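Here's my sequence, what's the structure:
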Amino acid sequence: MQQSALACSTDSGANNVAKVRVNVHTVCRLTPTFRLVMPNPADAWQEGIQLAYAFALMSTDRLNYVTAPILEGFRANFRSEGSAAGGWHPLAGRTVFEREELLHQQGFAGAGSGSLVPGFTSRHPILQRTGGYMASWVERGHHDHGREDLSVGRVSRTIMEGSDDYRAEALSLGDNSGGEGAEGTLPPRPVNYIDGLYETSIKAKLDALLTAYVQTVHP
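Numbering: from 1, shown residues only. Prediction:
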């Protein structure tokens, strides 16, 4: 027998997500589906329901274990400045000037300080000054971290991890109302896309837990 889970999606069109979160572009959604290879194909539908129940009833600790790679993927995006989304647009001249002024005011020349993230310069790291915005994505205990755990019926569960920071929507989707660039626009710099490496890790963790469940039920 083999289990396969479709690990992570950032599709914002699903109705069950849009009804709950106003801004689905600032989350990564985990909605597993199950494909089984059975010695007796006629039993596959029943086994699939059992696995769906197992996921729906999974404890918070185990769910945190399964979804940890989502947060790792978010952190990697900050570290690589958006590689999973094709790279973030460089900072505009206006923003670079603001950061240079901040460094000058605090008496530092790129070395960072107690209020600035390590290695802070006028151009890097993008979307980080104090680290608070990144923390809202990568730290579950942060007051602006966004997580929703939805159950639909008894055999469906959707987990969403992301940021509820008030800036997240504009920074993720962009804003043309008078923001960063020379034309008064702020280019999109999404965090919620994660590299396939992390999706694979989610799948492996979920498969391992569900395999253990099946072996317990059908030794």
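
So which residues of this protein form strands?
Here the chain has its strands, by DSSP state E, at 2-5, 27-30, 34-37, 145-152, 156-163.

Pull the contacting residues for residue 132.
Contact analysis of residue 132 by C-beta atoms under 8 Å, 6 or more residues apart in numbering lists 144, 165. In short, each C-beta sits where N, CA and C put it, glycine included.

Does residue 78 touch residue 138 like I think?
Yes - using C-beta atoms under 8 Å, residue 78 is in contact with residue 138, at 7.5 Å.

which residues of this protein score low on pLDDT?
Within the chain, the ranges that satisfy pLDDT under 70 run 1-25, 34-48, 107-114, 152-154, 176-184, 214, 217-219.

if we go to 50?
Along the chain, the model assigns pLDDT under 50 to residues 1-22, 108-110, 112-113, 181-182, 219.

Could you tell me how many residues sit around the closest residue to residue 64 other than its chain neighbours?
Of all residues not flanking residue 64 in the chain, residue 140 sits nearest, at 7.4 Å (C-beta to C-beta, 6 or more residues apart in numbering). Neighbour count for residue 140, taken as other C-beta atoms under 10 Å: 12.

Residues in a beta bridge with residue 146, which ones?
On the basis of DSSP bridges, residue 146 is bridged to residue 162.

Determine the number of other residues adjacent to residue 160.
Other residues lying near residue 160 total 22 when counted by other C-beta under 10 Å.

pretty sure it contacts residue 67?
No - between residue 160 and residue 67 there is no contact under C-beta under 8 Å: 9.7 Å.

Give me the common contacts of the two.
Residues touching both residue 160 and residue 67 by C-beta under 8 Å, 6+ apart: residue 30.

quick one, helices of the chain?
In the chain, the helices defined using DSSP state H lie at 15-18, 44-56, 60-80, 93-105, 132-138, 168-173, 196-217.

of all these, which lies closest to residue 115?
helix 93-105 (9.1 Å; C-beta to C-beta).

If we go by neighbour counts, what in the closest one is buried?
Neighbour counts using 16 or more other C-beta atoms under 10 Å place 95, 99, 102-103 of helix 93-105 among the buried residues.

Then stretch 131-139?
Using 16+ other C-beta under 10 Å as the test for burial, stretch 131-139 gives 131, 133-138.

of these, closest to residue 191?
Nearest to residue 191 among these, with distances taken as C-beta to C-beta, is residue 137, at 5.4 Å.

wait, that closest one sits on residue 191?
Yes - using C-beta under 8 Å, residue 137 is in contact with residue 191, at 5.4 Å.

Which neighbours do the two have in common?
Contact criterion C-beta under 8 Å, 6+ apart; residues shared by residue 137 and residue 191: 74, 78, 162-163.

quick one, what contacts the residue found closest to residue 157 once you drop the neighbours it is linked to in the chain?
With C-beta to C-beta, 6+ apart as the criterion, residue 157 has its nearest non-adjacent residue at 4.7 Å, and that residue is residue 56. By C-beta under 8 Å, 6+ apart, the contact set of residue 56 is 151, 154-157.
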